[in-house]
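Trainee: got a predicted model here, sequence first, then my questions.
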Amino acid sequence: MAGSIRRMRLAGLIRKEFLQIWRDPSSIAIAFVLPVVLLLLFGYGVSLDAKHVPVALVVEQPDSASESFIGAFRKLEYFAPVAFPGMPDAEEAMREGSVAAILHLRSDFGRAIHQPGGAAAQLIVNGVNANTARLISGYANGVWATWLQQYAAQHGVQVNLPVLVESRVWFNSELSSRNYLVPGLIAVIMTLIGALLTALVVSREWERGTMESLMATPVSMTEILLGKVIPYFVLGTGGMLLSVAMAVWLFAVPLRGSFVLLMIVASLFLLVALGMGLLISTVAKNQFVASQIALVVTFLPAFLLSGFIFEIASMPQVVQVITHIIPARYFVSLLQTLFMAGDIWAVIVPNALALAVMALFFMVMVRRVSRKRLD
Amino acid sequence: MTAITEHVAVLRGVEKSFMAGKRPAPALCRVDAVIRPGCVTGLIGPDGAGKTTLMRMLAGLIRPDAGSIAVLGRDMAVESQQVQQQLGYMPQRFGLYEDLSVQENLDLYADLQCVPHEARRERYAELMHMTGLAPFTGRLAGQLSGGMKQKLGLACTLVRSPSLLLLDEPTAGVDPVSRRELWEIVYRQVEEADMSVLCSTAYLDEAERCENLLLLHQGRLIGQGSPAEFSGRMQGRVWSVGLGGETRRGLQQRLVREASVLDALIQGESVRLVMHEGHAPADEAWSKDLQVQAVQPRFEDAFISLLGGVGAILPDAAQQMAQVHPGDGPVIEVKGLSRSFGKFMAVKGIDFHVRRGEVFGLLGANGAGKSTTFRMLCGLLPASSGSLTVAGVDLREAPASARGRIGYMSQRFSLYGTLSVRENLRFFSSAYGLSGKARGARIDWAFERFDLHDVADTASNDLSLGYKQRLAMAAALLHEPDILFLDEPTSGVDPLARREFWQRINMLAGQGVTVLVTTHFMEEAEYCDRLVIMAEGAILASGTPQQIKQSVAGSGKPSQSMEDAFIALIRREEV
């Protein structure tokens, strides 16, 4: 009897929650529209790769050697070379920002290449965006080394080559930033649904006075909490499936690990996010404060400190330590591994364990802090 | 059975304080009370008396700091969940989900109260019939009128017929017709289902409908008994004074300043007088030429007496309104005024005029078009059609120059909550273009006249509603307007503060200020010189309070209340 009564109350609460989600455009927006917008933005708009970078070419004395080098340069999709008659013009273009680098071949280039001392090519890179600058100089060095080797072989000249690095890229062989941004984005989306949306809807009940009426009925606090956790867990899983589908079919991100495993770790993370959302709403009893806290405490860390965009290993020591309390950190690492590398248990086990501990911690905290009282 | 079960609720030495800033503010002090079964108990008290705290404690939502509470024979400290199965609690804001339909709200509360599915159909039909909501079951709760929301809230708490029904100010801000219907439903529950009811209210006329009353003031229980017991104590102290050639307002203001008079109220064509204990009008010199008649005391007289009455506000000698616009021509003239929002006609071609120095009332339920009319008069909202002249200026042509002559006090007082009283006054005076000595003088005047010295440095958010109202009125008067617009100035304010407020209004009118006021307190309509009653954007009746009452009653019952007249007018319109 007691069980069926409890089921009736819980079913009533869950039905109510789904009706509210269905009728409230802002819930739908956060759960479905926002993920799609974010995925499209990060999938198409944001790229951390260097592609078609405008580079000024200044060749003082065109000859066969410089011709050949420039040809090798033009073949690559990383650069979009533009020829300039002289250095002053190229420097002006650099100052205006219309080119990101200048490749300068002096008049003695064709001659010096056959001499024992070798030839020099000058590369000037706009260092304002340090990341792009590093990519450009890296690619340019690569082109230089490859061309030099080929040229030497063809012309039978002895060139003093430095040690050549034979590099091979694993897991993300196209070196496409989309392949790791899109999986990482799933963590951000789930944080939005689990923490932000949940904190908002609970604080809305406080704001509108409906929480007071709920509490005056014989429902238990556990039922009220489950009445929030279950619907938003379902919604979050829906958002997750949508994101995975878009990642795999729209952005062609490989999913090398097991889908079941992916859903299991996602569920763990969703529980953590829901726990944080509910905890926030026990402190913040109006929607404005709840959204502010949720953004600062859950969304921004998930964005900045999870390793989703910025590599954790290159953060200052102190910040690296802080990232250990950010749940999204573990989830991002799981996502990137499962998508691009596969079922690597050495990564999955510790990270999943960390999420499980956090989920348990937040759920227990929420239950202990929530009182069926107003004072 | 123990003695405890004879009462539905027993409170013993209940104390509670909340933190207000850094120091605890007591909400309830050693309250001992019982609630009797099978009847309606009224919880009466001014704003901030602790009514809601007491209600929430009985609903198990707040735990007392000290003392014990037993409800339905169970101790709330241990068995609150069992009690909640037999409890119906309607909080002040009804607790409805506005984005769920009427039916979905009912279903939710039926699930939460575990009403068996087989029993629902019959109970729903009964509730919907009783509340008149049957045609609206598919409508979203958010789209119901205030009165309908209140009835739906009640239906949700009654979905499983509770043993004890707790209603926290169920009628606040609801129109008189809906109020009356709510009381009919409540009384039917008491009679048919043998329910016990505790209902808090700020309307003193509703107290008369209760069988038992708990009177709360500043967290203390200052009286307990039936309305008759309360008013019985006032026997011989309440009198009605005929006008005898004086104006109603003049006589009221004269009498309220007498030391032996506790309270003086305008009522119809006479002034109702409550004397201090041991005084009778016949012994007083001022009663020589007046027609004084003893009348039956009401609960309200006892209430005011227990709370100590309102101090008289002395007339403002320094304040001499410049007589710039002499003559008795209308100060405000409205002809064929309409306003539509999309397809919805909020105001449907109304006409009225207000004379200089008049107190003019706009009465109506929520949604009748009062506030829309008001905003058009203040030049805040352009009219869709019709003409509108304020202080001789056509608002369609020169709204700005008319606005300088107008003082406006909006429904929610529009104060800056984090600014102190002094800062608010400084801000509003500069907003009205005052500066230098003139500004300083007006701010001093405001402190003096509205008695704000004690709270000069308090943030206006922390003021009681009565003080907020004073400050808002002071701010609206800083630039010495000759027309004052007051939009629901007394809603939610307790009876003492309301009396004080009307004294100030009367004084201003005496100085030649024209006052336009909207209200849903029907008894306040009596204080107006003339008024119009609005419903659904149109004027139902206009004239002096006496004329309106007579137009409804015919010649039969001249002494009926304004509320009866209002309800009769609305019902006549519906037919």
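Mentor: Structure received. Residues are numbered from 1 along each chain as shown, chains lettered A, B, ... in the order given.
Trainee: run through the residues of chain B sitting next to chain A.
Mentor: Residues of chain B lying close to chain A by CB under 8 Å from any CB of the partner chain are B:16, B:18, B:56, B:59-63, B:80-82, B:84-85, B:87, B:89-100, B:104, B:107-114, B:140, B:156-157. Quick note: C-beta positions are derived from backbone N, CA and C, even for glycine.
Trainee: would you confirm that A:F32 contacts A:L242?
Mentor: Yes: counting by CB atoms under 8 Å, A:F32 does reach A:L242; the two are 6.7 Å apart.
Trainee: below-threshold pLDDT in the chain: ranges please.
Mentor: Picking chain A for this. A:1-2, A:47-50, A:157-175 (pLDDT under 70).
Trainee: wait, chain B
Mentor: B:1-5, B:20-23, B:173, B:311-328, B:399, B:492, B:554-559, B:575.
Trainee: now do 50
Mentor: B:1-4, B:317-326 (pLDDT under 50).
Trainee: got the domain ranges for it?
Mentor: Chain B breaks down into these domains under automatic domain parsing: B:3-229, B:231-307, B:330-574.
Trainee: let's have these in CSV, adding mean neighbour count.
Mentor: Compiled in CSV, these are given as follows (neighbours: other CB atoms under 10 Å in any protein chain shown):
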stretch, mean neighbour count
domain B:3-229, 19
domain B:231-307, 18
domain B:330-574, 18
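Trainee: can I get the ones you listed in JSON lines with distance to A:V349?
Mentor: Shown next, in JSON lines, are these (distance: least, CB to CB, whole Å):
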{"stretch": "domain B:3-229", "distance to A:V349": "42"}
{"stretch": "domain B:231-307", "distance to A:V349": "71"}
{"stretch": "domain B:330-574", "distance to A:V349": "52"}
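Trainee: would you mind measuring from B:G42 to B:A207?
Mentor: 5 Å (CB to CB, to the nearest Å).
Trainee: list residues touching both of these two?
Mentor: B:201, B:213 (CB atoms under 8 Å, 6 or more residues apart in numbering or on different chains).
Trainee: quick one: contacts for residue 371?
Mentor: Defaulting to chain A. A:R371 neighbours (CB under 8 Å, 6+ apart): A:M221.
Trainee: correction: the question concerned chain B.
Mentor: With CB under 8 Å, 6+ apart, B:S371 has these contacts: B:411, B:487-488, B:518.
Trainee: B:T389 too?
Mentor: Counting by CB under 8 Å, 6+ apart, B:T389 has contacts B:330, B:332-334, B:395.
Trainee: need phi/psi at it.
Mentor: Backbone torsions of B:T389, given as degrees, to the nearest 10, read phi -120, psi 130.
Trainee: what does B:S338 give?
Mentor: Torsion angles, degrees, to the nearest 10, at B:S338: phi -130, psi 150.
Trainee: do you know how far it is from B:L516?
Mentor: From B:S338 to B:L516 the distance is 19 Å (CB to CB).
Trainee: interface residues of chain A facing chain B?
Mentor: Residues of chain A lying close to chain B (CB under 8 Å from any CB) are A:5, A:8-9, A:11-13, A:15-16, A:19-20, A:23-24, A:208-210, A:212-220, A:372-375.
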